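Visitor: any chance you can model this:
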Amino acid sequence: MTSPSIRVATADSVHAHHWVDGIVNPDAPGGVRPVINPATGDPFGQFTVGTASTVDQAVHAAAAAGPAWWDTGAQERSRLLMEVADRLHASVKDLAALESQEVGKPIAMAQEDIEGSVDMIRAAAEAGIAFFSPPSPAQGGIRRQPYGVAALITPWNYPVCQVTDVLGALLAAGNTVVIKPSEKAPLSVAALGPLLDRLPPGVVNIVLGDGVAGAALVEHPRVGLVHFTGSVAAGRQVGAAAGARLVPCFLELGGKDALVIDRDIDVAKAAEMAAGGGWVNSGQVCTSVERVYVHRDIADNFVTELTGQAATWTVGPGTDPATRMGPLVDAGQRDLVHRQVVEARLAGAEVTIGGEPLPGPGFFYPPTVVVGAPDHSPLMTEETFGPVIAVRVVESFEEGIRLADTGAYGLTASALTNDPDHIELAARLDAGVVTINGGGDGPDDAPFEPARASGMGRLQFGPGSLECFTRPYGVSIGGVA
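Guide: Residues are numbered from 1 along each chain as shown. As a prediction, the model looks like this:
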């Protein structure tokens, strides 16, 4: 199957527009804004900025398409979603190149992420057929129906996947969708529009814009479900707006994820796992390892190994095949990361490697290891979202577990230990996902519900997500009336 061409450029020739009711919509009530390549600091594209009026067009298109999309039935929805997955697969390289230019990540990483997202769409399409197997017309029981128009508001760190990982299940469940991507990375999401033209017009709509468009979408009276991934501050506003209208709201927010390392593990392997968990995508992942609590008996060796790991991470433009870690998304993010490191150093922490912005164009920051930051410092309590791993030496595994559970966040947490009693202790970490010794043996399609300020709403990312995105109701049928 052929795919529509996606225009990828290295100059300012990429101009992204909204996708509303099955066609490109150039509406720009908010004007036109540039998109900056973080590897150079220069503009390489632009996008039209939508406002409440654009959102209103998109929501009404989605609402109008909803009844027919639901009546299409699970089999036909599955078939069309499989076509979307095939078209996405055929465009992976182009999408990855575009995503690399707007957020800086290595192309190979972006390509792998998007390929995985194709599998997510296919899994949702397959699951929808069994999930909606038709009940006997004379038999009561639990039925399900879609919520209607779903608002999908996504961040910039994984622009394509944050959309497509969720979109398949929303559509397989019978909802229609309005997507509002981050204004920092709108181009690769806008490029999805033509890939979705196998779907009936209005089933999926994309509105580009900033917080004005996002607020209008969440507050729109015809939106029946909200799915938001982003910062805690924005998430609180989204949750309040959705709560005021009493619509279901799924929030995946910030993280300050901890790794607890026991005294009985292989230090070199632990350092390698910490590096991968903390520096992938330049640390711009809500589940990045930002805090490491390591037992004193192995702490010196661990820091030496981790510092050595940092030296192997090649930093450069994401378009360079040799790059393992690209730039941060913009100057503001780089400055936030550096400020936390400087404050920790002034408070007595030691920076064993990195710790200074790299010279030259772009927003590059090297893999950084900081040891001994005070527990109350921003580096230990606030989300960094950059390639910095803060190491805290503890006297016992139990102390590490206790400290890991402190603070505002509870998105994910992990531990390394060979002690069966400590494995059980780690399993009780207060987080949405707990990974012990790298994971492996665990439940399929496990529910995911962030703890504390990291979000709310129970989600699943396999077939179980169809339950999350439909409303159950009971049907009771008596005898002849």
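Visitor: the chain - how does it break down into domains?
Guide: 14-253+455-474, 257-444 (automatic domain parsing).
Visitor: export these to TSV and tack on mean pLDDT, mean neighbour count and distance to residue 480?
Guide: In this view, the C-beta of every residue, glycine as well, is placed from N, C-alpha and C. Output for those, formatted as TSV (pLDDT from 0 to 100; neighbours: other CB atoms under 10 Å; distance: least, CB to CB, whole Å):
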stretch	mean pLDDT	mean neighbour count	distance to residue 480
domain 14-253+455-474	95	21	11
domain 257-444	97	19	44
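Visitor: enumerate every residue touching the spatially most central residue of the chain.
Guide: In the chain, the residue lying closest to the centroid (CA atoms, centre = their mean) is residue 162, at 4.7 Å. Residues in contact with residue 162 (CB atoms under 8 Å, 6 or more residues apart in numbering) are 154, 155, 229.
Visitor: go on, residue 408?
Guide: When contacts are counted by CB under 8 Å, 6+ apart, residue 408 touches 232, 256, 381, 452, 453.
Visitor: was I right about the first one contacting residue 256?
Guide: No: look at residue 232 against residue 256 with CB atoms under 8 Å: they stay out of range, at 10.4 Å.
Visitor: what do these two both touch?
Guide: Both residue 232 and residue 256 are in contact with 383, 408, where contact means CB under 8 Å, 6+ apart.
Visitor: what sits up against stretch 387-396?
Guide: Residues from elsewhere that reach stretch 387-396, judged by CB under 8 Å, 6+ apart: 274-275, 278-279, 282-283, 289-296, 299, 302-303, 306, 325, 337, 340-341, 344, 349, 354, 365-373, 375, 379-380, 384, 400, 403.
Visitor: export that stretch as CSV, just CAs?
Guide: The C-alpha atoms that make up stretch 387-396 are tabulated as CSV, following Å, rounded to 0.1, in the frame of the first residue of the first chain:
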residue,chain,number,x,y,z
PRO,A,387,20.2,14.4,31.2
VAL,A,388,21.1,14.7,34.9
ILE,A,389,21.2,11.8,37.4
ALA,A,390,21.4,12.8,41.0
VAL,A,391,23.0,10.2,43.2
ARG,A,392,22.2,10.0,46.9
VAL,A,393,24.2,7.5,49.2
VAL,A,394,22.1,5.6,51.7
GLU,A,395,22.9,3.5,54.6
SER,A,396,20.4,0.7,53.8
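Visitor: mind listing the strands for the stretch 351-481 of the chain?
Guide: Counting by DSSP state E, counting those that start in this stretch, one finds strands in the stretch 351-481 of the chain at the ranges 368-371, 388-394, 409-410, 412-416, 433-436, 451-452, 455-456, 470-475.
Visitor: make a markdown table from those and add distance to residue 358 to it.
Guide: Shown next, in a markdown table, are the strands of the stretch 351-481 of the chain (distance: least, CB to CB, whole Å):
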| stretch | distance to residue 358 |
| --- | --- |
| strand 368-371 | 11 |
| strand 388-394 | 14 |
| strand 409-410 | 28 |
| strand 412-416 | 29 |
| strand 433-436 | 31 |
| strand 451-452 | 34 |
| strand 455-456 | 33 |
| strand 470-475 | 48 |
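Visitor: how about these, which one is nearest residue 177?
Guide: strand 470-475 (14.0 Å; CB to CB).
Visitor: chain center to stretch 207-219, what's the gap?
Guide: Relative to its chain's centre, stretch 207-219 lies at 18 Å (CA atoms, centre = their mean, to the nearest Å).
Visitor: give me the element residue 272 is part of.
Guide: helix 267-279 (DSSP states H and E).
Visitor: relative to helix 267-279, how tilted is the helix or strand that that helix is followed by?
Guide: Per DSSP H and E, the first helix or strand lying C-terminal to helix 267-279 is strand 289-295. Orientation check (axes from the mean of the first three to the mean of the last three CA atoms, to 10 degrees): strand 289-295 against helix 267-279 gives 160 degrees.
Visitor: helix or strand next in line after strand 289-295, which one?
Guide: Later in the chain than strand 289-295, the nearest helix or strand by DSSP H and E is helix 296-310.
Visitor: keeping just the C-alphas, turn the helix or strand just after that following helix into CSV.
Guide: Note on helix 296-310: by DSSP H and E, the next helix or strand toward the C-terminus is helix 331-346. C-alpha atoms of helix 331-346 as CSV (Å, rounded to 0.1, in the frame of the first residue of the first chain):
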residue,chain,number,x,y,z
ALA,A,331,16.8,27.3,25.6
GLY,A,332,14.3,27.5,28.4
GLN,A,333,14.6,23.8,29.2
ARG,A,334,18.4,23.9,29.0
ASP,A,335,18.4,26.8,31.4
LEU,A,336,16.1,25.0,33.9
VAL,A,337,18.3,21.9,33.9
HIS,A,338,21.4,24.0,34.4
ARG,A,339,19.9,26.0,37.2
GLN,A,340,19.1,22.9,39.2
VAL,A,341,22.7,21.6,38.8
VAL,A,342,24.2,25.0,39.8
GLU,A,343,22.0,25.2,42.9
ALA,A,344,23.0,21.7,43.9
ARG,A,345,26.6,22.5,43.4
LEU,A,346,26.3,25.7,45.5
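Visitor: so of the contacts of residue 162, which ones are in strands?
Guide: residue 229 (DSSP state E).
Visitor: just the element for residue 226, please.
Guide: Going by DSSP H and E, residue 226 is part of strand 223-229.
Visitor: from the chain's centroid, how far away is that strand?
Guide: With CA atoms, centre = their mean, you get 14 Å for strand 223-229.
Visitor: report all helices and strands that it contacts.
Guide: Where contact means 3 or more CB pairs under 8 Å, 6 or more residues apart in numbering; DSSP states H and E, strand 223-229 is packed against strand 149-153, helix 159-172, helix 211-219, helix 232-245, strand 249-252.
Visitor: sorry, back to before: now the residue nearest to the centre of the chain. Nearest residue, chain neighbours left out?
Guide: Leaving aside its sequence neighbours, residue 162 sits nearest to residue 154 (CB to CB, 6 or more residues apart in numbering; 4.0 Å).
Visitor: what residues are up against that neighbour?
Guide: 162, 163, 179, 180, 181, 182, 189, 229, 230.
Visitor: and if you look at residue 470?
Guide: Neighbours of residue 470 in contact, by CB under 8 Å, 6+ apart: 144, 145, 146, 147, 173, 174.
Visitor: restricted to strands, list those.
Guide: Of these, the ones assigned to strands by DSSP E are 144, 145, 146.
Visitor: leaving out the residues flanking it, which one is nearest to the first one?
Guide: It stands for residue 144. Closest to residue 144 by CB to CB, 6+ apart is residue 470, at 4.0 Å.
Visitor: what's the distance between that neighbour and residue 128?
Guide: 10 Å (CB to CB, to the nearest Å).
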